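S.K.: All I have is the shape, not the residue letters:
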């Protein structure tokens, strides 16, 4: 057979975020945690083998809310981290998976068993470690009561009537593989995604499935994922074509509902990614890893990256605004208020890139270092050293800026002859209501052997002069002598 095609180029970068303090405050070394959408002081946490508790962060009260079997029945089986979800339709309703599915409509005070045993329930496969348990639950965000459940022994079921009846929809999936996630689509009622993980069976192939008919038939969408075991899959909350996937080595993204996958490696270590959450308002994806903390990722450009844009040679996205640092009037600047501006662009193939920043009059104000590698790029324009960063009581910068704004001063750059290292000549003209000024700037390279610590030196790295009236000088030597004589 022909060799497989090379993997797609990486697209973007992750930023490390330390674990949230709230997560560390709950008891347990490993757990699944969700907070109530109605009351963020209410936090649910699932511990080992099906245990689940509800904590009120305002009062510090924690209550165990584990479903209990009736007297005379066998104990319920719960996975190491049993799956539970909060209904997207009723914030007080939670579903909890053991070997049965349980539902509570009062935040876990009371439970109703709404399913039969949804595993193979094979006595010969039961041991000291609980097995044949429910590991994935998902209720449709579109239709209340449309609920999917997957188990660690390869079974997936669906109910379309809130648990009155269940249908086994495992046909077409890989038999006897751990169901790591089930996701009911928020865009199409009949669409559902399933991921399976074969790590426990020494099977490291990727298993990713999509059904558009409530699980009657399944289509593999794992092509292009070079590494297995898959742990999680998520839809983007704004772009119906965008899918995210976490496996044992990192995070992947598909721009076309799983037809092709791209790696998102830079800034993210090669590690197990167990969960992905996309904030619907801030468009930040958080990746939870095994032992390496959590990482944050801005998905706004991915949400805009259509297949049409990918097919073009290059594309520039709308630049993001930044915030300049302002002083406090006491000789200090509020550097924490500064916010870098970012420029995002897409390249379909290797190219030479020059990223030049212009003001609203078309004059260049900065040149940013930019990569020419294929993929999606973010270039930071650091603004901490711009604006009125160093004003003090002896400084007139803020009052002058107000005067410039009030009087509508106009600053034109008439000469800007700098080489790639920043050496050369620049002239600016400042037009005020009463006068025209010329600001002359000159920089030059000075070898170390020609430098001096004398107060009166013979050479300077930079020289500046503000000249009253226009300067019409094209001779750099003459310009340099004027700068030296006036400095």
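M.R.: Received, thanks. Quick caveat, the model's predicted, so the values are computed rather than measured.

S.K.: Which residues are in contact with the residue lying closest to residue 227 once chain neighbours are set aside?
M.R.: Excluding the flanking residues, the one nearest residue 227 by Cβ to Cβ, 6 or more residues apart in numbering is residue 249, at 4.8 Å. Every residue, glycine included, has its C-beta placed from N, CA and C. By Cβ atoms under 8 Å, 6 or more residues apart in numbering, residue 249 lies in contact with 227, 270, 271.

S.K.: Could you do residue 340 as well?
M.R.: So residue 340 contacts 322, 380, 381, 382, 383, 384 (Cβ under 8 Å, 6+ apart).

S.K.: need the helices for the protein, in chain order.
M.R.: 21-24, 300-304, 307-311, 397-407, 476-486 (DSSP state H).

S.K.: who's residue 356 bridged to?
M.R.: residue 367 (DSSP bridges).

S.K.: so where's this protein shaky on pLDDT?
M.R.: 1-33, 35, 325-337, 384-398, 453-456, 472-487 (pLDDT under 70).

S.K.: So which residue is smack in the middle of it?
M.R.: residue 297 (1.5 Å; Cα atoms, centre = their mean).

S.K.: Buried residues of stretch 107-118, list them for me.
M.R.: 107, 108, 111, 114, 115, 117, 118 (16 or more other Cβ atoms under 10 Å).

S.K.: Could you do stretch 348-367 as well?
M.R.: Of all the residues in stretch 348-367, those buried under the rule 16+ other Cβ under 10 Å are 353, 355.

S.K.: how long is that stretch from one end to the other?
M.R.: One end of stretch 348-367 sits 22 Å from the other (Cα to Cα, to the nearest Å).

S.K.: Then stretch 434-452?
M.R.: 41 Å.

S.K.: how far does it sit from the chain's center?
M.R.: Remark: stretch 434-452 is offset 44 Å from the chain centroid, using Cα atoms, centre = their mean, to the nearest Å.

S.K.: and if you look at stretch 162-176?
M.R.: 33 Å.

S.K.: Tell me what residue 219 is bridged to.
M.R.: Beta-bridge partners for residue 219, by DSSP bridges, are residue 210.

S.K.: wait, doesn't it sit right on residue 211?
M.R.: Yes. Using Cβ atoms under 8 Å, residue 219 makes contact with residue 211 at a distance of 7.2 Å.

S.K.: could the contacts of residue 340 go into TSV alongside neighbour count and distance to residue 52?
M.R.: Listed next are the contacts of residue 340 as TSV, based on neighbours: other Cβ atoms under 10 Å; distance: Cβ to Cβ, whole Å:
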residue	neighbour count	distance to residue 52
322	17	45
380	12	43
381	17	47
382	12	46
383	16	47
384	16	46
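
S.K.: State the distance from residue 285 to residue 415.
M.R.: Per Cβ to Cβ, to the nearest Å, residue 285 is found 47 Å from residue 415.

S.K.: The two: which is more packed in?
M.R.: Using other Cβ atoms under 10 Å, the more surrounded residue of residue 285 and residue 415 is residue 285, with 22 against 19.

S.K.: any idea how far residue 257 is from the more buried one?
M.R.: Taking Cβ to Cβ as the measure, residue 285 falls 17 Å from residue 257.

S.K.: What about the closest residue to residue 169 other than its chain neighbours? Give its phi and psi, please.
M.R.: Closest residue in space to residue 169, ignoring its immediate chain neighbours: residue 215 at 3.1 Å, by Cβ to Cβ, 6+ apart. Here the main-chain torsion angles of residue 215 (degrees, to the nearest 10) amount to phi 100, psi 0.

S.K.: Residue 215 touches residue 193, doesn't it?
M.R.: No. Judged on Cβ under 8 Å, residue 215 makes no contact with residue 193 at a distance of 10.5 Å.

S.K.: For the closest residue to residue 65 other than its chain neighbours, give me its contacts.
M.R.: Closest residue to residue 65 in three dimensions, ignoring its sequence neighbours and counting by Cβ to Cβ, 6+ apart: residue 108, at 3.2 Å. Contacts for residue 108 (Cβ under 8 Å, 6+ apart) come out as 44, 52, 54, 63, 65, 94, 96.

S.K.: Show me the contact partners of stretch 113-126.
M.R.: 67, 77, 99-103, 131-134, 149, 151-153, 155, 157, 159, 162-163, 166.

S.K.: Are any of those buried, and if so which?
M.R.: Among these, those classed as buried by 16+ other Cβ under 10 Å are 67, 77, 99-103, 131-134, 149, 151-153, 155, 157, 159, 163, 166.

S.K.: Now do the strands in the stretch 351-487 of the chain.
M.R.: 355-358, 364-368, 375-381, 410-418, 424-431, 436-443, 462-468 (DSSP state E, counting those that start in this stretch).

S.K.: So which of the ones you listed is nearest residue 275?
M.R.: Each of those has some distance to residue 275 by Cβ to Cβ; the shortest is strand 375-381, at 23.2 Å.

S.K.: will you turn the strands of the stretch 351-487 of the chain into TSV that also has distance to residue 290?
M.R.: Shown next, in TSV, are these (distance: least, Cβ to Cβ, whole Å):
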stretch	distance to residue 290
strand 355-358	37
strand 364-368	36
strand 375-381	26
strand 410-418	50
strand 424-431	53
strand 436-443	52
strand 462-468	52
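
S.K.: tally of neighbours for residue 344?
M.R.: So residue 344, with other Cβ under 10 Å, has 21 neighbours.

S.K.: Quick check, it in contact with residue 378.
M.R.: Yes. Counting by Cβ under 8 Å, residue 344 does reach residue 378; the two are 5.3 Å apart.

S.K.: which neighbours do the two share?
M.R.: By Cβ under 8 Å, 6+ apart, the residues touching both residue 344 and residue 378 are residue 301.

S.K.: follow-up on the earlier one: which of residue 219 and residue 211 has more neighbours?
M.R.: Comparing residue 219 with residue 211 by neighbour count (other Cβ under 10 Å), the higher total belongs to residue 211, at 22 against 11.

S.K.: In this structure the more buried one contacts residue 220, no?
M.R.: No. Under the criterion of Cβ under 8 Å, residue 211 makes no contact with residue 220, lying 10.9 Å away.

S.K.: do you know how far residue 113 is from residue 69?
M.R.: To residue 69, residue 113 is 9 Å away according to Cβ to Cβ.

S.K.: ok, back up a step: phi first, then psi, for the residue nearest to residue 65.
M.R.: Main-chain torsions, residue 108, degrees, to the nearest 10: phi 100, psi 0.
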